[in-house]
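*Asks:* Quick one: sequence plus predicted model below, questions after.
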Amino acid sequence: MKDIRIGFIGLGGRGYGLLEWAVLPQGEQVVAVCDVYEDRVQKGIELVEKFGQAKPVGYTDYRDVIKDANVNVIVVATAWETHVEIALEAMYAGKAVAIEVGGAYEIRDCYDLVEAYEKTRTPFMLLENCCFGRREMMALNMVKKGLFGEVVHCAGGYHHDLRSEIAYGKENRHYRLRNYLSRNCENYPTHELGPIAKVLDINHGNRMLTLSSTASKAAGLRDYIRASKSDDQRLMGETFAQGDVVTTVIKCARGETITLTLDTTLPRYYSRGFNVRGTKGMYEEVTDSVFLDRKEDSAHDFDWLKHCVGNAKDYEEEYDHPVWKKYIQEGVKGGHDGMDWLEFETFFRCLREDAPMPVDVYDAASWMAVTALSEMSIAKGGAVVDFPDFTKGKWHMIVDENERERL
């Protein structure tokens, strides 16, 4: 694809931010913007013009963007519920598509995405920016170079106090509120699972076999609303379905385990809890530490927090991923510490080169399926449920190292 002409759908906080920080600054042509709210559409038009581009067409119905003959690339940054339906229509219309993250509501959604791609071969990418994080990519590089030995277990979480965002969802026109009222699941799995899946070669020589999820009671939002929004009589009388802490355990075909934690409605600091454990050592994100099976590290196993916290920086020169070494030399740009810029730069490059996407439709289906599967498991008291194989057995086909270097 030589000429990229973007239709950008979804101009809430996340969508507008991506447009401003990661898409327009790269010089890509945005010819249409869309949101269900007219004021957001107008803001999107003004932002595109601010970057010196021609005035884009504004739409309030995503179907009109897909029908627009001048659009050949669709970026979806809408509410979780509409990601799949928009992506499907875009692919069947022959338009390349990138969708923001969020879990699937039904397993059928995941199969539909794969089927649409296999029928149309339309370029598709899941915009999981954490796969492009500096530390996530450094840990991946360490794993590939054997520093941690054989990886046995990985963990991650979405630890983020979102009580205000959720409680004021009606005022802010945000979709999380309705989801937390009606669903109980691991609703946002891909920030932590994406980098872990790359470490464990999921869909490239390995796959996720089973899942079991449990949810705590829902008390955090109730208490927050009582303390901070007691004048909202509707919410004061609501019962939230979403448990405050959801824990998910996944078993992989090669024998590794994965633990995911959703923790968004209790007071806490932000963390993705990224953790890689191997037979020769580990990386741990909360303390930003590398611990290796050697005397100097073992000598501090009891007083690590006093002496060795943050030592991952000592490994950057040797183990920073080549993508990040180049990025730092050229200058880190964009939002979320540069991750957003890298993911879109990669998406646009793959479009131009007709190259495989680094986070493809099989990744999207597998990672998004966690939400629907966790909802089933929680409803059955933590029952073990099977992961579908969206690759139809092709996960056995290990990619070569040149392809793997895409991430």
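*Replies:* Perfect, I can see it now.
*Asks:* Can you tell me how far the residue nearest to residue 142 when sequence neighbours are not counted is from residue 134?
*Replies:* Distance criterion CB to CB, 6 or more residues apart in numbering; nearest residue to residue 142, sequence neighbours excluded, is residue 319 at 5.1 Å. C-beta: built from backbone N, CA, C; applies to glycine. According to CB to CB, to the nearest Å, residue 319 stands 11 Å off from residue 134.
*Asks:* give the contact list for the closest residue to residue 220 other than its chain neighbours.
*Replies:* Nearest residue to residue 220, sequence neighbours excluded (CB to CB, 6+ apart): residue 265, at 3.6 Å. Residues near residue 265 by CB atoms under 8 Å, 6 or more residues apart in numbering: 161-163, 166, 180, 218, 220-221, 224, 240, 242, 244.
*Asks:* do residue 192 as well
*Replies:* Counting by CB under 8 Å, 6+ apart, residue 192 has contacts 130, 155-158, 260-261, 272-274.
*Asks:* Now, those that are in strands?
*Replies:* Secondary structure from DSSP state E places 155-158, 260-261 of those in strands.
*Asks:* Send over the helix ranked longest in the chain as CSV, restricted to the C-alpha atoms.
*Replies:* Longest helix in the chain, counting residues (DSSP state H): helix 361-379. Taking Å, rounded to 0.1, in the frame of the first residue of the first chain, the C-alpha atoms of helix 361-379 are listed here in CSV:
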residue,chain,number,x,y,z
VAL,A,361,-5.5,-11.5,13.9
TYR,A,362,-4.6,-14.8,15.5
ASP,A,363,-3.0,-12.9,18.4
ALA,A,364,-6.0,-10.7,18.7
ALA,A,365,-8.4,-13.6,18.8
SER,A,366,-6.4,-15.5,21.3
TRP,A,367,-5.8,-12.6,23.7
MET,A,368,-9.3,-11.1,23.4
ALA,A,369,-10.8,-14.6,24.1
VAL,A,370,-9.6,-14.4,27.7
THR,A,371,-12.4,-12.0,28.5
ALA,A,372,-15.2,-14.2,27.3
LEU,A,373,-13.6,-17.4,28.7
SER,A,374,-13.0,-15.7,32.1
GLU,A,375,-16.7,-14.7,32.3
MET,A,376,-17.6,-18.4,31.7
SER,A,377,-15.2,-19.6,34.3
ILE,A,378,-16.2,-17.1,37.0
ALA,A,379,-19.9,-17.9,36.4
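*Asks:* Can you report how many residues neighbour residue 344?
*Replies:* 24 (other CB atoms under 10 Å).
*Asks:* Phi and psi next, for residue 97.
*Replies:* The phi/psi pair for residue 97 (degrees, to the nearest 10) reads phi -140, psi 140.
*Asks:* Tell me how far it lies from residue 7.
*Replies:* For residue 97, the distance to residue 7 - CB to CB - is 10 Å.
*Asks:* what is in contact with those two at once?
*Replies:* 73-75.
*Asks:* about what we covered before: for the longest helix of the chain, list every residue counted as buried.
*Replies:* 361-375, 377-378 (16 or more other CB atoms under 10 Å).
*Asks:* Check stretch 285-296 too.
*Replies:* Neighbour-count burial for stretch 285-296 flags 285, 289-292 (criterion: 16+ other CB under 10 Å).
*Asks:* What are the contacting residues of it?
*Replies:* 135, 142, 147, 149, 271-275, 279-284, 297, 304-305, 308-315.
*Asks:* Could you single out the nearest of the buried residues of stretch 285-296 to residue 390?
*Replies:* Taking CB to CB as the measure, residue 390 lies nearest residue 285 of these, at 28.0 Å.
*Asks:* before we move on, the earlier item: would you format the ones in strands among the contacts of residue 192 as TSV with neighbour count and pLDDT included?
*Replies:* Converted to TSV, the ones in strands among the contacts of residue 192 look like this (neighbours: other CB atoms under 10 Å; pLDDT from 0 to 100):
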residue	neighbour count	pLDDT
155	19	98
156	26	98
157	27	98
158	24	98
260	27	98
261	19	98
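*Asks:* Most widely separated two among the residues you listed?
*Replies:* 155 and 158, at 12.1 Å, using CB to CB across the ones in strands among the contacts of residue 192.
*Asks:* Touching both of those two, which residues are there?
*Replies:* In contact with both residue 155 and residue 158: 192, 261, using CB under 8 Å, 6+ apart.
*Asks:* how about low-confidence regions in this structure?
*Replies:* 398-407 (pLDDT under 70).
*Asks:* Tell me where it has strands.
*Replies:* Counting by DSSP E, the strands of the chain are 5-9, 29-34, 57-59, 73-76, 96-100, 124-127, 151-159, 208-215, 245-252, 257-263, 275-278, 281-284, 289-292, 385-386.
*Asks:* What helices and strands are in contact with the longest helix of the chain?
*Replies:* helix 107-120, strand 124-127, helix 190-199, strand 208-215, strand 245-252, strand 385-386 (3 or more CB pairs under 8 Å, 6 or more residues apart in numbering; DSSP states H and E).
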